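K.L.:
Dropping a prediction and its sequence here:
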Amino acid sequence: MSENPDQWEEMLRAVLGNEAADRMIEQMRSQGIDPGAQMSETMNPANFNQIVNQVRAMLGSSGDGPVNWKVGEQVARETIQRDHLDTLTAAEGDRARMCLQTANLWLDPATDIDPCMGPNQAWSRLDWLAHTLATFKRLTEPVGENVARAFTEVIREQMEYAPEEIRGLFGGDSSQMMAGILSSLLGMQYGAGLAELATISFGTADAGLPLVEGETAALVPANVAEFAKDLEAEPDEVILFAAVREQAAARLYSRISWLRPQLLDTVAAYAREIQIDTDSIEEQVREMGGFNPAAMQELNLTAVFAPSLTPNQETTLARLEHLLSLAEGWISAVSAQAVMAQLPHAVALGEMFQRRSATSSPVNQIF
């Protein structure tokens, strides 16, 4: 590589963008540092491999899939701890488990499906995250695969026109670096989505989609309490109603063994065929000046999905909607029957929960 100081500054602008590079150069000069000499020293073969390894470690590895779930889980946990941390006291836990036990007693005369054999649990939002992560991976990774593949192809084409110094900066390994960046970016976005779900989910199977592996029934008291704030019914009624719906879903998915795998496989089949708008990707890549790691975090992934569905997707979506409506319809009907003679506001609560399922349920958030 050339030792021309101006060339080092040009490379810095190519990687970081003009505005960020100018700020860095100005800051270095204000501290009495010659940017060209500093970059030359940084790119010295004796130091270069160590720096590249540090960058790769920072970006993380995509591992066996397109999403860096280590980053995703970290983002989700930090978001919950920073903005939505709840405390689950012993009394609240005992109350939630008692409500789940009572719900089973109320359901016995309303359905012939036997109770779930797993434990009744009370979770904090962080607990909910830990229990749902495996299923969330299964639901979302097919989308990540499509996004990563499309972005990598576009970047590979763009790199053909990049300066030789940039293409050679990572020893011809720009595709692998891009995969790492996209993997981390998807992990960050999925982690943010998980944190949002953790603040609104009542239990394991809100609105019919089973998000937790294994046989169990659980409640997140903090989320139920937040939902109850705007309702006329007493908080005890709301959590009992939520407990009945949770136990009904637990019975359905634990006793009808084929239903949960069928639902999740159908979601995955739909997700695998989601089409990516490569024109949108190319436009964003051009706007960020080609291969620009510093600008990758500004990518708008919500704008890259093609609006049209394939014929297979239309068939799959119809099947998925049918399965979800059957599950949700059964849970709602059985729950309404179970609470009718038990809760003073049973009808009003049933309407509120149905409205929630149609607008702000975790299922809608996921899709």
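P.N.:
Looks like it came in fine. Numbers count the residues shown, from 1 in each chain.

K.L.:
other SSEs contacting the helix or strand where Arg260 lies?
P.N.:
Using DSSP states H and E, Arg260 sits in helix 259-272. Helices and strands touching helix 259-272, by 3 or more CB pairs under 8 Å, 6 or more residues apart in numbering; DSSP states H and E, are helix 125-159, helix 235-255, helix 311-339. C-beta coordinates here come from the backbone N, C-alpha and C atoms, glycine included.

K.L.:
Would you tell me which one of the ones you listed is buried the most?
P.N.:
Highest mean neighbour count among the helices and strands packed on helix 259-272 (mean count of other CB atoms under 10 Å): helix 235-255, with a mean of 24.

K.L.:
That helix vs helix 259-272, what angle?
P.N.:
With axes from the mean of the first three to the mean of the last three CA atoms, to 10 degrees defining the directions, helix 235-255 sits at 90 degrees from helix 259-272.

K.L.:
elements contacting helix 235-255?
P.N.:
Helix 235-255 sits against helix 90-107, strand 217-219, helix 221-228, helix 259-272, helix 311-339, helix 346-359, with contacts defined as 3+ CB pairs under 8 Å, 6+ apart.

K.L.:
Indicate which one of the helices and strands packed on helix 259-272 is closest to Glu351.
P.N.:
Shortest distance between Glu351 and the helices and strands packed on helix 259-272, using CB to CB, is found for helix 311-339: 9.9 Å.

K.L.:
pLDDT averaged over the closest one - what is it?
P.N.:
For helix 311-339, mean pLDDT rounds to 92.

K.L.:
Buried residues, the helix holding Arg260. List them.
P.N.:
Applying a neighbour-count criterion of 16 or more other CB atoms under 10 Å, one finds Leu259, Arg260, Leu263, Leu264, Thr266, Val267, Ala268, Ala269, Tyr270, Ala271 buried in helix 259-272.

K.L.:
Next up, the contacts around the residue nearest to the fifth one when sequence neighbours are not counted.
P.N.:
For Thr266, the nearest residue in space outside its immediate sequence neighbours is Leu320; the separation is 4.6 Å by CB to CB, 6 or more residues apart in numbering. When contacts are counted by CB atoms under 8 Å, 6 or more residues apart in numbering, Leu320 touches Leu263, Thr266, Val267, Tyr270.

K.L.:
Pull the contacting residues for the residue nearest to Arg356 when sequence neighbours are not counted.
P.N.:
Closest residue in space to Arg356, ignoring its immediate chain neighbours: Phe227 at 7.4 Å, by CB to CB, 6+ apart. By CB under 8 Å, 6+ apart, the contact set of Phe227 is Phe202, Val238, Ala242, Arg356.

K.L.:
10 Å - rerun?
P.N.:
Taking CB atoms under 10 Å, 6 or more residues apart in numbering, we find Phe227 in contact with Ile200, Phe202, Pro235, Val238, Ile239, Ala242, Met352, Phe353, Arg356, Ser360.

K.L.:
that older thread, relative to Gln262, how far out is the residue nearest to Thr266?
P.N.:
Note on Leu320: its distance to Gln262, by CB to CB, to the nearest Å, is 10 Å.

K.L.:
In the helix or strand where Ala192 lies, which residues are buried?
P.N.:
Taking DSSP H and E as the criterion, Ala192 maps to helix 174-198. Using 16+ other CB under 10 Å as the burial criterion, the residues of helix 174-198 that qualify are 174, 176-191, 193-198.

K.L.:
Spit out the contact partners of the nearest residue to Arg245 once chain neighbours are set aside.
P.N.:
Spatial nearest neighbour of Arg245, chain neighbours left out: Ser335 (4.8 Å); criterion: CB to CB, 6+ apart. Contacts for Ser335 (CB under 10 Å, 6+ apart) come out as 103, 106-107, 110-111, 241-249, 346, 349-350, 353.
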